[in-house]
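Q: Output the structure for:
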Amino acid sequence: MIKKYALLLIIVSANGYSQAKKHLDPKKPIEERISLLMKEMTLEEKVGQMNQYNGFWDVTGPAPKGGTAELKYEHLRKGLVGSMLTVRGVKEVRAVQKIAVEETRLGIPLIIGFDVIHGYKTLSPIPLAEAASWDLEAIKKSASIAADEASASGINWTFGPNVDVANDARWGRVMEGAGEDPYLGSKVGYARVKGFQGETVADLAKVNTIAACAKHFAAYGFVEAGLEYNIVDISNSKLYNSVLPPFEATVDAGVRTFMNSFNTLNGVPATGNAFLQRDILKGKWKFNGFVISDYASIREMIAHGYAKDEADATAKAVIAGSDMDMESYLYVAKLVDLVKSGKVKESLVDDAVRRILRVKFELGLFDDPYRYCDEKREKEVVGSKANNDGVLDMAKKSIVLLKNEKNLLPLKKSGQKIALIGALANDKNSPLGSWRIAADDNTAISVLEGMQQYKDNKLTFEKGADLLSQKATFLTETVFNTTDRSGFEAAKTAAKNADVVVMVLGEYGFQSGEARSRTDLNLPGLQQEILEEIYKVNPNVVLVLNNGRPLSIPWAAENIPAIVEAWQLGTQTGNAVAQVLYGDYNPSGKLPMSFPRNVGQVPIYYNKYSTGRPIDSDKNVFWSHYMDVEKTPQFPFGFGLSYTKFDYKNLKLNKAAFAKGEKVEVSVEVTNSGNYDGKEVVQLYIHDEFASIVRPIKELKGFELVNLKKGETKTVTFTLTDKELGFYDNNGNYLVEPGTFKIMVGWNSNEGLTDSFELK
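A: A predicted model of the protein is given here:
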């Protein structure tokens with residue numbers, strides 16, 4: 001497969017390797033190989049390594065003629081392209097890699113990037129749903145499945161994980177992250193990096209791993225008003241204590257690349273922000289991978305009003321530490337002249353190129369540039385039964401039971417008349433979710449298909465009403481049906497004749513993700529109306545939600561007896577939902593984001609700060625509250641029920657007072673007192689009652705997923721150290737201060753057993 005390229009390793013002079021090919025010697029250390037190669041590179045070729053282009057023509061067809069496609073093609077042949085994105089499939093990747101390796105002067109291979117956000121062809125649940133599992137091993141496994149399929153298709157780099165902490169459900173990209181909490185977000189980000197890349201840097205050279213990319217650096221989850229591409233204006237306390245910890249966790253996990261963000265921070269676009277990229281990431285954290293811009297974000301600094309023109313934007317981005325330009329066309333056009341004129345130091349270019357080449361060497365691309373181009377492996381891996389089984393397991397673990405009154409769930413497996421209602425129940429496309437550009441349309445198992453496998457019940461399906469009034473795509477606005485109620489009567493008739501009604505409602509798959517900001521978090525279209533109409537004729541309703549963000553469902557929360565949060569679960573959606581509804585899998589998920597009562601509460605999150613007037617102590621209006629709705633969420637962070645019941649007792653501390661540096665041991669007994677075997681996410685929260693900087697009223701600092709058989713009791717133990725008890729001040733210094741700490745161990749962020757201790 002690689003004979004032609006391998007011959008380069010045998011090009012020898014009388015004294016061994018030829019000077020030009022010494023960097024191909026696999027026996028030499030990577031840093032030495034990088035130095036040897038860079039000695040051979042012209043300034044133009046160095047800048048070329050900092051240039052990434054989007055796929056631009058049928059690479060297995062004729063060369064493009066005219067326009068930007070021809071320009072990109074010529075740059076590729078001249079060695080002026082270091083990476084490409086959205087090229088996929090072994091044939092396509094091999095063709096474009098062949099040009100880079102065999103037609104350019106130095107033969108430097110490309111790194112091929114792709115948005116493998118929650119799977120490649122076989123899709124796992126959206127990342128927010130995965131975070132609801134709180135199952136780090138399952139999340140790691142899910143990422144490894146994605147890496148397995150992507151790498152088998154020629155890809156060696158993903159633009160994930162997204163580790164943006166976000167507490168504003170109006171922002172569509174909450175579906176890409178792990179929710180509102182920095183502790184959970186750190187654990188999930190760490191697990192996903194390990195899943196993509198393997199346990200060590202050495203694992204990157206394996207054919208079934210890909211380089212990961214932590215994004216968006218930084219604070220993109222706090223865009224004002226939840227509006228995509230908007231500005232960010234947060235305090236240093238929020239930056240250091242909420243935003244940065246998940247990113248640092250990915251560095252600890254060995255992530256090889258970072259992507260900066262579209263937003264400003266302290267008035268400076270992240271792409272041109274040296275404080276973020278040079279001082280923190282490459283300085284304080286000693287990150288030695290490379291940073292890529294977000295799509296055209298270098299050019300967008302002009303629109304921000306931060307850069308005067310293209311040359312100024314280029315200079316500011318390079319100086320700030322943006323190593324690779326994604327689709328701005330600016331580095332390749334402007335950077336050589338900026339270096340020659342002295343406006344940008346060549347040492348900055350050298351640093352960026354060294355970082356990029358380092359990752360390419362780590363991926364093994366110089367030893368075998370076609371290592372990800374095995375058509376036999378592509379056929380065996382992509383869409384395999386093992387991968388489908390894996391994403392089904394992840395999907396079941398991601399489902400959250402929000403309400404279960406009247407014992408409607410689990411459904412009986414025989415003798416029940418069930419009406420299944422809702423356009424989403426028979427949809428095979430929407431459950432795939434957003435950011436699934438390698439997956440084929442309509443390849444999800446629908447909820448209808450999943451439930452049809454339980455043949456001993458009488459199942460009747462009625463759409464009720466179309467959700468959409470025109471076809472949805474990734475590139476267009478989603479348009480909902482608000483007028484056609486022609487299916488209402490058939491749905492009501494089916495509901496009248498049923499013992500139980502299962503309604504599948506929510507968002508369409510392309511209604512969340514990038515550029516999908518919303519100011520209305522209610523059920524879109526006619527869904528709320530048909531929900532209420534069906535409830536009138538049969539109140540035994542199980543509401544199954546398909547969505548990519550927290551929704552506002554106050555009427556359903558009050559009236560509907562059973563609610564299942566099923567998110568957008570990917571390829572195996574229908575099988576996962578059916579197995580939970582029928583009790584073959586006992587749900588154990590917990591919410592990674594708070595659900596608001598209405599959009600006016602947003603942003604809403606559990607780890608808020610107390611005000612000076614947190615409660616109504618004087619029996620008047622002058623305290624922190626809303627006049628028209630409770631200030632608590634509809635469903636809080638960490639909330640999730642089970643078909644069984646868990647009891648907590650005997651919360652204990654190993655002592656009442658501790659010195660700085662001592663370990664605080666916290667234990668609690670958890671008993672499964674219900675009628676089913678089940679899993680419980682036991683959660684530990686702390687509150688530093690007084691500090692030099694006000695601390696949140698609660699902070700998650702530990703959790704454990706515990707399997708308990710019916711009637712079984714287990715003791716769960718947590719250890720708190722200075723790492724959990726401290727915080728960052730406004731200058732980024734880590735402090736552990738004496739004082740009183742409250743602890744709560746419980747079943748969500750709002751309920752549990754409490755105690756306290758002193759830190760001396």
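
Q: If you average the pLDDT over stretch 395-413, what comes out?
A: For stretch 395-413, the mean per-residue pLDDT is 97.

Q: next one: stretch 419-426
A: 98.

Q: now what about it, what contacts it?
A: If you take C-beta atoms under 8 Å, 6 or more residues apart in numbering as the criterion, stretch 419-426 is touched by 430-431, 446-448, 451, 459-468, 491, 494-495, 497-498, 500-506, 508, 527, 530, 534, 538, 544, 546. Bear in mind the C-beta positions are built from the backbone N, C-alpha and C, glycine included.

Q: Then stretch 260-275?
A: By C-beta under 8 Å, 6+ apart, the list of residues contacting stretch 260-275 from outside reads 215-220, 223, 229-232, 234, 239, 276-277, 291-294, 297-298, 300-301, 304, 306-307, 313, 316-317, 319-322.

Q: Now, the residues you listed that are in strands?
A: Counting by DSSP state E, the part of these found in strands is 215-217, 291-292.

Q: Just put these in JSON lines and tack on distance to residue 77 and pLDDT.
A: Putting the ones in strands among the contacts of stretch 260-275 into JSON lines (distance: C-beta to C-beta, whole Å; pLDDT from 0 to 100) gives the following:
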{"residue": "215", "distance to residue 77": "30", "pLDDT": "98"}
{"residue": "216", "distance to residue 77": "32", "pLDDT": "98"}
{"residue": "217", "distance to residue 77": "33", "pLDDT": "98"}
{"residue": "291", "distance to residue 77": "27", "pLDDT": "98"}
{"residue": "292", "distance to residue 77": "23", "pLDDT": "98"}
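
Q: Against residue 558, how distant is residue 118?
A: The gap separating residue 118 from residue 558 is 32 Å, by C-beta to C-beta, to the nearest Å.

Q: And stretch 686-699, what's buried?
A: Neighbour-count burial for stretch 686-699 flags 686-688, 693, 695-699 (criterion: 16 or more other C-beta atoms under 10 Å).

Q: starting at the chain centroid, how far to the one helix or strand residue 420 maps to?
A: Element membership for residue 420 (DSSP states H and E) is strand 417-421. Centroid separation for strand 417-421 versus its chain: 34 Å, with C-alpha atoms, centre = their mean, to the nearest Å.

Q: Paired strands for that strand, with orientation please.
A: In the sheet, strand 417-421 lines up against strand 458-462 (parallel), strand 500-506 (parallel) (DSSP bridges).

Q: and residue 629, which of those strands is closest to it?
A: Nearest of the strands paired with strand 417-421 to residue 629, taken as C-beta to C-beta: strand 500-506 at 22.1 Å.

Q: what's the next secondary structure element after the closest one?
A: Heading C-terminal from strand 500-506, the first helix or strand you meet, by DSSP H and E, is helix 527-537.

Q: if you average pLDDT over the next helix or strand after that next one, what comes out?
A: Per DSSP H and E, the first helix or strand lying C-terminal to helix 527-537 is strand 541-546. On average, the pLDDT along strand 541-546 is 98.

Q: How about stretch 495-504?
A: 98.

Q: Where does pLDDT dip in this protein?
A: Within the chain, the ranges that satisfy pLDDT under 70 run 1-20.

Q: wouldn't residue 174 be in contact with residue 516 here?
A: No - using C-beta atoms under 8 Å, residue 174 is not in contact with residue 516; the gap is 9.8 Å.

Q: still on that earlier bit, narrow the contacts of stretch 419-426 to just the buried residues.
A: Taking 16+ other C-beta under 10 Å as the criterion, what is buried in these is 430-431, 446-448, 451, 459-468, 491, 494-495, 498, 500-506, 508, 527, 530, 534, 538, 544, 546.

Q: Return stretch 263-270 as CSV; C-alpha atoms alone will do.
A: Provided in CSV are the C-alpha atoms of stretch 263-270 (Å, rounded to 0.1, in the frame of the first residue of the first chain):
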residue,chain,number,x,y,z
ASN,A,263,-16.5,35.7,20.3
THR,A,264,-14.7,38.6,21.9
LEU,A,265,-13.4,38.4,25.4
ASN,A,266,-12.5,41.6,27.2
GLY,A,267,-13.0,43.4,23.9
VAL,A,268,-10.6,41.3,22.0
PRO,A,269,-11.6,38.5,19.5
ALA,A,270,-10.4,35.2,20.8
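
Q: buried sites along that stretch?
A: 263-265, 268-270.

Q: Any chance of a markdown table for those, columns secondary structure and distance to residue 128?
A: As requested, the buried residues of stretch 263-270 are exported to a markdown table (DSSP: H, G, I helix; E, B strand; the rest coil; distance: C-beta to C-beta, whole Å):
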| residue | secondary structure | distance to residue 128 |
| --- | --- | --- |
| 263 | coil | 20 |
| 264 | strand | 25 |
| 265 | strand | 23 |
| 268 | strand | 29 |
| 269 | strand | 26 |
| 270 | helix | 22 |
